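In: Have a look at this fold, sequence not included:
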DNA sequence: ATGACGCATCGAATGCGA
């Protein structure tokens, strides 16, 4: 079974890319972030024609997340938002899918960006991360086979940044954000990407400006964390840079994990 | 150094992303 995550930066603009990518990479589950549209505008028909069902937590202009499943797979127990944490932004959608070794709980998140350390948005980010962790603790107790994937907006370690020295302490690179990432791991989750040897300077996002992709000035901020029972079954995890090369691409590339 | 780009919003200039 393959799960993937992709921040598409507007599904309206990127629908053709998503369909093209799914045709070449028929993953079982695709978690989308920044769809930037409401549920009534979600392209259900086009995706259904491509063989995918969708569960959507939409929002106008900003944010918005969705979970796609390749038919006949379907999500059950779908939950929107972080339980017990009221949030105006549509950032989290979770669901359960049947895998080979049992059910898999999939939690898809578009984490808060935070803009700049010290800002109100940064405080929101830290509060949001705390709420997510508290909710995940419960979620893991109920669903031991769990994957948390999405756009984390956190660079976990120096090797995940094109300029760890110059960007030290700036947004996505702060100690507070990294500590939150480690706290997620302490819940019993593992960074699937780091279960395998990976090329140096592996990134999942590149700035549209300054020819970021061409110069590989990127960050690894899109992640797939898996609980221990799933980690034992992960056979591969990779970033697919191909769609980042396509004209008018999202600034993010998909990340794919394979479970036996 | 700030802005570079791209996307969204009812119509242009601005907020926002990372």
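Out: Perfect, I can see it now. It should be emphasised that the depicted structure is a prediction, and the values quoted were computed from it without experimental measurement.
In: contacts and neighbour counts: CA atoms only from here.
Out: Noted.
In: from what I can see residue A:61 touches residue A:37, true?
Out: Yes - the criterion here is CA atoms under 8 Å, and residue A:61 meets it with residue A:37 at 6.3 Å.
In: Compare these two (neighbour count), which wins?
Out: Neighbour tally, residue A:61 and residue A:37, criterion other CA atoms under 10 Å: the higher count belongs to residue A:37, 22 against 12.
In: For that one, give me its contacts.
Out: Listed by CA atoms under 8 Å, 6 or more residues apart in numbering, the contact partners of residue A:37 are A:10, A:11, A:12, A:58, A:59, A:60, A:61, A:62, A:64.
In: Do I have it right that the first one meets residue A:35?
Out: Yes - at 4.6 Å, residue A:10 and residue A:35 qualify as touching, with contact defined as CA under 8 Å.
In: So between these two, which is more surrounded?
Out: For the pair residue A:10 and residue A:35, the greater number of neighbours falls to residue A:35 (28 against 19), based on other CA under 10 Å.
In: any idea whether the more buried one is helix, strand or coil?
Out: Residue A:35 falls in the coil class when you classify it by DSSP: H, G, I helix; E, B strand; the rest coil.
In: Report pLDDT for residue A:135.
Out: Looking at residue A:135, its pLDDT is 98.
In: Ok, the one 5 residues further on next?
Out: Here the pLDDT value assigned to residue A:140 is 98.
In: The nearest residue to it once chain neighbours are set aside pairs with what?
Out: Leaving aside its sequence neighbours, residue A:140 sits nearest to residue A:146 (CA to CA, 6 or more residues apart in numbering; 6.6 Å). Beta-bridge pairing of residue A:146 under DSSP bridges involves residue A:105.
In: Report the contact partners of residue A:146.
Out: The contact partners of residue A:146, taken as CA under 8 Å, 6+ apart, are A:104, A:105, A:106, A:107, A:140, A:226, A:227, A:230.
In: rewinding a little: can you select the buried ones from the contacts of residue A:37 in PyMOL?
Out: Filtering the contacts of residue A:37 down to the buried ones (16 or more other CA atoms under 10 Å) takes a single PyMOL command:
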select buried, chain A and resi 10+11+58+59+62+64
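In: Return only those of the contacts of residue A:37 found close to DNA strand B.
Out: Within the set of the contacts of residue A:37, contact with DNA strand B (CA under 7 Å from any atom of the strand) is found for A:10, A:11, A:12, A:60, A:61, A:62.
In: okay if I get those residues as TSV plus pLDDT?
Out: TSV is the format used below for these (pLDDT from 0 to 100):
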residue	pLDDT
A:10	96
A:11	96
A:12	95
A:60	93
A:61	93
A:62	94
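In: Roughly how far does the residue in the stretch 101-250 of chain A positioned nearest to DNA strand B sit from residue A:215?
Out: Among all residues of the stretch 101-250 of chain A, residue A:209 sits closest to DNA strand B, at 3.7 Å; criterion: CA to the nearest atom of the strand. Per CA to CA, to the nearest Å, residue A:209 is found 11 Å from residue A:215.
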